[in-house]
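> need coordinates for the below:
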Amino acid sequence: MKDNKTNSSSSGYQDGFAVWQPNSFALSSVPLDAQLDSNAYADAIKTLQDGVRQLQLAFLYNRLKGVIVFEGWDAAGKGGVIRRLTSVMDPRAVRVWPISAPDQREREEHYLQRFWRRLPPNGELGVFDRSWYGRVLVERVEAFATSEEWGRAYGEINAFEKSLAADGFRLVKIFLHVSPEEQAERFRARLKDPLKRWKLTPEDLRNRGQRAAYEDAIEEMIRRTSAPDAPWHVIPANDKKFARAAALDTIIKALGAGVNFEPREHTPEFLAEAHHALGMDDAASASRDAPADPDNKS
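Numbers count the residues shown, from 1 in each chain. Below is the predicted model:
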């Protein structure tokens, strides 16, 4: 068995975004000046997208199931990362779930129920654009959940993710972090662009006005739910190119660790049957039996 040997490591990223010591985590420690120039990005993203293709095929070959969670500030670039991730995948084996406010039925159920229903089967990947962490982020800050409800959610979420791991799911959790200045600049750009104006909502502005409360909620979320087998990866996203490359690299490494990336070989019996059914035996025999061309000087 050959372990993950994709050449994504050539992009130069290390696993420097995982929060291994969550008790000391602070958003202020995230290096928001991280950048990637256009030439380096063009080379890196091609290599990384090749790695993404290999990763998906490896999940298909080995009948694995993976979950990718994206959280982050409004306008942090989650959609851009997801597009670079899924655009090179076979759409039949990946599903993107854009999570918004629960509907009436979902509000009557346990908040995790709608996520259980969206988990991928063997051989597939599920991508969550926002997730069950809404209970300890927006529902906490906006008071959609009581303090007792979101307070117990940390333990519920940790138990949920442990049960996913026990059932064979591979999980990677990514948080994209941008500064308030960069977020404001992106909001202004959306407001000016008719094709992007729809992406700016009153909720975005209201959330921005409560940034301090969200910072507290984010830091507590990461401290209390970054586990050794399911760490948060907090990626600086002021530079979109850097964030996209770093996120893809993180996903490949986290989901591909220890996975056999070699295509599964067909059995000799199947190959013999396929050659016969497709007329490949006759073609091969004709090639072997054809007389040599005396004029062929090669």
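
> mind checking pLDDT for D229?
Note on D229: pLDDT of 87.

> shift numbering so it begins at 274
From this message on, residue numbering opens at 274, which makes the last subject D502.

> distance of it from K446?
Going from D502 to K446 by C-beta to C-beta, to the nearest Å gives 11 Å. All C-beta atoms are positioned from the backbone trio N, CA, C, and that covers glycine.

> try R497
For R497, the distance to K446 equals 13 Å [C-beta to C-beta].

> do the same with R470
Distance of R470 to K446, given as C-beta to C-beta: 31 Å.

> still on that earlier bit, neighbour count: R497 and K446, which is higher?
Neighbour count, other C-beta atoms under 10 Å: between R497 and K446, K446 has more, with 26 against 16.

> tell me what the closest residue to the more buried one other than its chain neighbours is bridged to.
Nearest residue to K446, sequence neighbours excluded (C-beta to C-beta, 6 or more residues apart in numbering): V342, at 4.4 Å. Beta-bridge partners of V342, counted by DSSP bridges, are F401, K446.

> I'd say V342 and F401 touch.
Yes. The pair V342 and F401 qualifies as a contact (C-beta atoms under 8 Å) at a distance of 5.0 Å.

> show me what contacts the most centrally placed residue in the chain?
Centroid check for the chain by C-alpha atoms, centre = their mean gives I341 as the closest residue, at 4.0 Å. I341 is in contact with 358, 398-401, 444-445, 447, 524, 528, counting by C-beta atoms under 8 Å, 6 or more residues apart in numbering.

> ok, now with 7 Å
When contacts are counted by C-beta atoms under 7 Å, 6 or more residues apart in numbering, I341 is found next to 398, 400-401, 445, 524.

> over to E379?
Contacts of E379 (C-beta under 7 Å, 6+ apart): R387.

> distance of it relative to R403?
Distance, E379 to R403, by C-beta to C-beta: 14 Å.

> equivalent analysis for A374, please.
Going from A374 to R403 by C-beta to C-beta gives 10 Å.

> looking only at neighbour counts, state which of those two leads.
When neighbours are counted by other C-beta under 10 Å, R403 comes out ahead of the other of A374 and R403, with 17 against 11.

> my read: that one touches I372, true?
Yes. Taking contacts as C-beta atoms under 7 Å, R403 lies within contact range of I372: 4.1 Å.

> quick one: low-confidence ranges for the stretch 274-423 of the chain?
274-289 (pLDDT under 70).

> do the stretch 424-571 of the chain as well
555-571.

> how about the helices in it?
Ranges of helices within the stretch 424-571 of the chain are 453-465, 475-482, 484-498, 513-529, 541-550, 553-562, based on DSSP state H, counting those that start in this stretch.

> just name the most buried of those helices.
Highest mean neighbour count of these: helix 513-529, a mean of 24 (counted as mean count of other C-beta atoms under 10 Å).

> what's the angle between it and helix 453-465?
Angle between the axes of helix 513-529 and helix 453-465 is 110 degrees (criterion: axes from the mean of the first three to the mean of the last three C-alpha atoms, to 10 degrees).

> now helix 513-529, how far from the centre of its chain.
Distance of helix 513-529 from its chain centroid, counting by C-alpha atoms, centre = their mean, to the nearest Å, is 8 Å.

> so what's the residue count around K469?
K469: 13 neighbours (other C-beta under 10 Å).

> longest helix in this structure, please.
For the chain, the helix that runs over the most residues, judged by DSSP state H, is helix 311-335.

> contacts for that helix next, please.
The set of residues external to helix 311-335 that reach it, using C-beta under 7 Å, 6+ apart, is 279-281, 283-284, 309, 339, 357-358, 361-363, 366-367, 396, 398, 514, 517-518, 521-522, 525, 528-529, 532-534, 536-537.

> nearest to A418, of the helices of the stretch 424-571 of the chain?
When these are compared by C-beta to C-beta, helix 484-498 sits nearest A418, at 11.3 Å.
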